[in-house]
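Novice: below: sequence and its predicted model.
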Amino acid sequence: MNAGPAEATILIVEDSEITRRTLGHKLKHSGFECLAAEDGLEALEVIERHDVDIVLSDQQMPRMDGIELLGEIKARYPDMPFILLTAHGSVTKAVISIKQGADDYLEKPCDPEDLVATIRRSLSYRQLSEANKKLKEHLRSQYCFQNIVTRSSAMMKALGLAEKVARAPDTTVAIYGESGTGKEVLARAIHFAGKRMENRFVAVNCAGIPSTLFESELFGHVRGAFTGADRDRDGKFELARGGTLLLDEVGDMPLDLQAKLLRVLEERTFERVGSNKPLRADFRLIIATNRDLAELVREGRFRKDLYHRINTFPITLPPLRERREDIPLLVEYFMEQFGKDLGKRLRGVSQKALDVLMGYQWPGNIRELKNCLERAAILIEDELIRPEHLIINTGRVAEGDVVSISLPLNQFTLDNVIDRAIETALRLCNNNKSRAAELLNVGRKMFYRRKK
């Protein structure tokens, strides 16, 4: 007898008292806690009073039989596992029970080992189903539109468009923006706000796949299709069935594959490499790119017909330098996130550090800002992030770069402007005073005089 905690609580519904006791003894010996009811009506009363993990019910019973009980339980407790015990030869009733939601059925008298194995299999499936449901709920909350922080009018416009197209599950969406602006984050938000969220979101980086593997990656292949294809393999089109397929950096897709993608989008079917069996292409397509596809079309590097097919609903994300009013919001959001992830108290950033962040151009956009803050959050202990904790530019300043200096109005004095210019120059030149002096067109001694 298992002396530890019970694996689960099983409700045995059986009109024969001897059978109830026999089943209860077997299951308790296997580590389960058991409750009993002599028919369906009593079973429903037991479930209302006790926590039941799974129902094991006979088929033939007075007042309410097993099939009727199954219908009542699925109506009231749709996730409750249910196993039906049938008389020998009652296959028709067993098939009906499976169609109505029963997890499994066993013929009486059933082998004790088969019974325990069937119960554990049903419980494992229920646990897996609950874990999958919780994961989807977590992802939906993580990638919801409300988690995209902004007060920028341009960004608010983009989010408004995204929320509207999320309700059109078959519309192709084209997201444009520089690297690091959050194109994949927006694509996931569109997916998890729509009807396809119950199925997969599959992301493909078109710039990261060798041209020789591109077709197999998207279409899949059958065994023997080419050297090394030792088994059938699902492609991204199949994995995304019922869900969303994101083709990131679609501008890097080879021209020959662009023609095949166009055919898939037009006909909504495809074949695996090495097969002539058509498969249904059932997914919403979202493309993302940091390139000007219209310009690529003019250069002959992107198909004009494909461009018009995928540009159905364009959304453009502004770069961070054009939405500077969002930087304080993003800093607060990321610091809260890092505090939870690192398990430490993060007090935020100093005003001088925030001024540095506000004055930087952010060529890597939100991704660069996040990485910069994450490094600083790891370094500090119960203190504010200061300018010296920030590493945001280690290269030379190129001619033509735009440099901005941000100061609150109440601190807008000549001395503060000069100090900020010096700080910015040092940061841009990786703290090299000679290069910074050259950038400002002043003597190197200026830095020491200002310090004094």
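Specialist: Received the coordinates, thanks. Here the structure is a predicted model, which means the values were calculated and not measured. Residues are numbered from 1 along each chain as shown.
Novice: do a quick rundown of the strands in the stretch 301-450 of the chain.
Specialist: With strands called from DSSP state E, counting those that start in this stretch, the stretch 301-450 of the chain shows them at 313-316.
Novice: any weak-confidence spans in it?
Specialist: 393-409, 430-431, 447-450 (pLDDT under 70).
Novice: any idea how far residue 172 is from residue 443?
Specialist: As for residue 172, its distance to residue 443 is 59 Å (criterion: C-beta to C-beta, to the nearest Å). To be clear about C-beta, it is placed using only N, CA and C from the backbone, and glycine gets the same treatment.
Novice: ok, residue 359 next?
Specialist: Taking C-beta to C-beta, one finds residue 359 at 24 Å from residue 443.
Novice: the more surrounded of the two?
Specialist: Taking other C-beta atoms under 10 Å, residue 359 and residue 443 do not tie; residue 359 has more neighbours (21 against 10).
Novice: what sits closest to residue 443 if chain neighbours are left out?
Specialist: residue 437 (6.2 Å; C-beta to C-beta, 6 or more residues apart in numbering).
Novice: wait, isn't that neighbour in contact with residue 446?
Specialist: Yes - the pair residue 437 / residue 446 is scored as a contact, 6.5 Å apart, by C-beta atoms under 8 Å.
Novice: neighbour count: those two, which is higher?
Specialist: residue 437 (19 against 15).
Novice: who touches residue 386 in this structure?
Specialist: 349-350, 352-353 (C-beta atoms under 8 Å, 6 or more residues apart in numbering).
Novice: neighbour-wise, which of those residues leads?
Specialist: Most surrounded of those: other C-beta under 10 Å gives residue 349, at 25 neighbours.
Novice: residues in contact with the residue lying closest to that residue once chain neighbours are set aside?
Specialist: Distance criterion C-beta to C-beta, 6+ apart; nearest residue to residue 349, sequence neighbours excluded, is residue 385 at 4.2 Å. Counting by C-beta under 8 Å, 6+ apart, residue 385 makes contact with 348-350, 353, 373, 376-377.
Novice: residue 348 contacts residue 333, correct?
Specialist: No - using C-beta under 8 Å as the test, residue 348 is too far from residue 333 to be in contact (11.5 Å).
Novice: what about the residue nearest to residue 305 when sequence neighbours are not counted, how many residues nearby?
Specialist: The shortest distance from residue 305 to any non-neighbouring residue, by C-beta to C-beta, 6+ apart, is to residue 262 (6.0 Å). Residues lying near residue 262 (other C-beta under 10 Å) number 17.
Novice: residue 294 too?
Specialist: 12.
Novice: is it true that residue 285 touches residue 247?
Specialist: Yes - between residue 285 and residue 247 there is a contact under C-beta under 8 Å: 6.9 Å.
Novice: domain parsing for this structure?
Specialist: 9-134, 143-318, 323-390, 393-452 (automatic domain parsing).
Novice: break down the stretch 51-200 of the chain into its strands, ranges please.
Specialist: Counting by DSSP E, counting those that start in this stretch, the strands of the stretch 51-200 of the chain are 54-58, 82-86, 104-107, 173-176.
Novice: which strands and helices sit next to the third one?
Specialist: So that's strand 104-107. strand 82-86, helix 91-99, helix 112-142 (3 or more C-beta pairs under 8 Å, 6 or more residues apart in numbering; DSSP states H and E).
Novice: tell me which residues in it are buried?
Specialist: 104-106 (16 or more other C-beta atoms under 10 Å).
Novice: pairing partners for it, with directions?
Specialist: Its sheet considered, strand 104-107 pairs with strand 82-86 (parallel) by DSSP bridges.
Novice: repeat for the last one
Specialist: Looking at strand 173-176 with DSSP bridges, its paired strands and their directions are strand 284-289 (parallel), strand 313-316 (parallel).
Novice: if you compare those strands, which one is most tucked away?
Specialist: Stretch with highest mean neighbour count among the strands paired with strand 173-176: strand 284-289 (a mean of 26; mean count of other C-beta atoms under 10 Å).
Novice: just how off-centre is that strand within its chain?
Specialist: Centroid separation for strand 284-289 versus its chain: 15 Å, with C-alpha atoms, centre = their mean, to the nearest Å.
Novice: now swap in stretch 349-357 and tell me
Specialist: That offset, for stretch 349-357, works out to 32 Å (C-alpha atoms, centre = their mean).
Novice: now what about it, what contacts it?
Specialist: So stretch 349-357 is contacted by 327-328, 331, 335, 369, 372-373, 384-387, 389-390, 392, 406-408, 420, 423-424, 427 (C-beta under 8 Å, 6+ apart).
Novice: PyMOL command to pick out the buried ones of these?
Specialist: Buried subset of the contacts of stretch 349-357, written as a PyMOL selection, criterion 16+ other C-beta under 10 Å:
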select buried, resi 327+328+331+335+369+372+373+384+385+387+389+390+392+407+420+423+424+427
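Novice: ranking the strands of the stretch 51-200 of the chain by burial, who's on top?
Specialist: strand 54-58 (a mean of 25).
Novice: that strand: partners in the sheet, and parallel or antiparallel?
Specialist: By DSSP bridges, strand 54-58 pairs with strand 9-13 (parallel), strand 82-86 (parallel).
Novice: what comes up buried for the first one?
Specialist: Just to be clear, that refers to strand 9-13. 10-13.
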